[in-house]
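Novice: Give me the fold of what follows.
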Amino acid sequence: MEHTHQHGHTDEKEHNHQHELTQGEEHIHDHVHTNGEEHTHTHKHINGEETIHEHGHTYGEKHNHGEDHFHKNKDWEKEWNKKYDEPSFKVIADHDDYQERSYPAATWACTSLEVDTAEDPLAGLENVNFLDIMKTKRYKTKVPSSLMFWPLFRYIGGNNDGEVKIEMTKGVTTKHVVLKEDDRWGDLEKQEMCFYLEEKFQAGGSETVPAPSDPAVYIQERPEMTVYVRKFPGWAFTAAIWQDNRAQFLDTINGEEQVKEKVYYTMSKNHPWVKPEDRLNELWLEADI
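Specialist: Numbering: from 1, shown residues only. This is a model prediction of the structure:
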């Protein structure tokens, strides 16, 4: 048995390594670099199984191909608890089941997809460990949130005019615009994922926002907005979970607030290694003012 490694490099050359193997699995290792490069390592083994490993690296950083995808030796709690820029907001009112907030105008990097929620590739997997789901080819190639995340991640990593490196923030939202409602089969939505840009790129900041190199990514000046926020715990990675919470929230808020009923925003507030019972998710309904 043998396997082949193909590497994409900045000089656009590729090289292959072939090795004899005695074990049996198929592994696909995808490494995403902040300069926008991506290369894949495929190992074919006798039992035909496959897994995917994705790694984000800084430009030119060396990495170990045998390294576990989740970098178990990395202190993710420490990383997450670093001081990151995030969108500011003002709490207007706290109600029994939701909170009213005002967000000022802000600058975001965004990308979007039209999504048929009836075709959710993770439907029915609510009780499966999400850390295991993240390793699969299905997650990388079919899940809308993953398909939108990577172009944005490459943008802040330098896939932009001037190859400017932009720091991560704790502001990632997904806007859902319901194009067609279908209670039986699932809604058709336009989904827009946005990264909040660090403060130096906000209005009045010290630097100009670099233009994206990928035409799928665009800069959005989001106007001031008022939202009503429902919080709930646990994992939230299927369309059904978000749609159920939206339906409950609309029932709760009916007659109390005026909202854009065909629009909602979703946000998970924790990194993937936080336990389900400690996780916090937010669903926003936008005020119709």
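
Novice: Could you name the helices and strands sitting against whatever helix or strand Ser146 lives in?
Specialist: In the assignment (DSSP states H and E), Ser146 maps to helix 144-156. When contacts are defined as 3 or more Cβ pairs under 8 Å, 6 or more residues apart in numbering; DSSP states H and E, helix 144-156 packs onto strand 26-33, strand 106-116, helix 137-142, strand 188-196. C-betas here are computed from N, CA, C, even on glycine.

Novice: Just put these in a markdown table and tack on mean pLDDT, mean neighbour count and distance to Lys275.
Specialist: Converted to a markdown table, the helices and strands packed on helix 144-156 look like this (pLDDT from 0 to 100; neighbours: other Cβ atoms under 10 Å; distance: least, Cβ to Cβ, whole Å):
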| stretch | mean pLDDT | mean neighbour count | distance to Lys275 |
| --- | --- | --- | --- |
| strand 26-33 | 40 | 18 | 26 |
| strand 106-116 | 98 | 20 | 28 |
| helix 137-142 | 94 | 15 | 20 |
| strand 188-196 | 97 | 21 | 25 |
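
Novice: can I get those in JSON lines with distance to Ala247?
Specialist: Below are the helices and strands packed on helix 144-156 laid out as JSON lines (distance: least, Cβ to Cβ, whole Å):
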{"stretch": "strand 26-33", "distance to Ala247": "35"}
{"stretch": "strand 106-116", "distance to Ala247": "18"}
{"stretch": "helix 137-142", "distance to Ala247": "25"}
{"stretch": "strand 188-196", "distance to Ala247": "14"}
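
Novice: so which of the ones you listed gets nearest Gln243?
Specialist: Nearest of these to Gln243, taken as Cβ to Cβ: strand 188-196 at 9.5 Å.

Novice: Provide the strand pairings for the helix or strand following the closest one, with the direction of each partner.
Specialist: Using DSSP H and E, the helix or strand that follows strand 188-196 towards the C-terminus is strand 218-222. The strands beside strand 218-222 in its sheet (DSSP bridges) come out as strand 106-116 (antiparallel).

Novice: Identify the residues contacting the strand it pairs with?
Specialist: 87, 144, 147-148, 151-152, 155-156, 171, 173, 179, 186, 188-197, 201-203, 209, 212, 214, 216-222, 239 (Cβ atoms under 8 Å, 6 or more residues apart in numbering).

Novice: about what we covered before: averaged pLDDT, the helix holding Ser146. What do you get?
Specialist: Regarding helix 144-156, the rounded mean pLDDT is 97.
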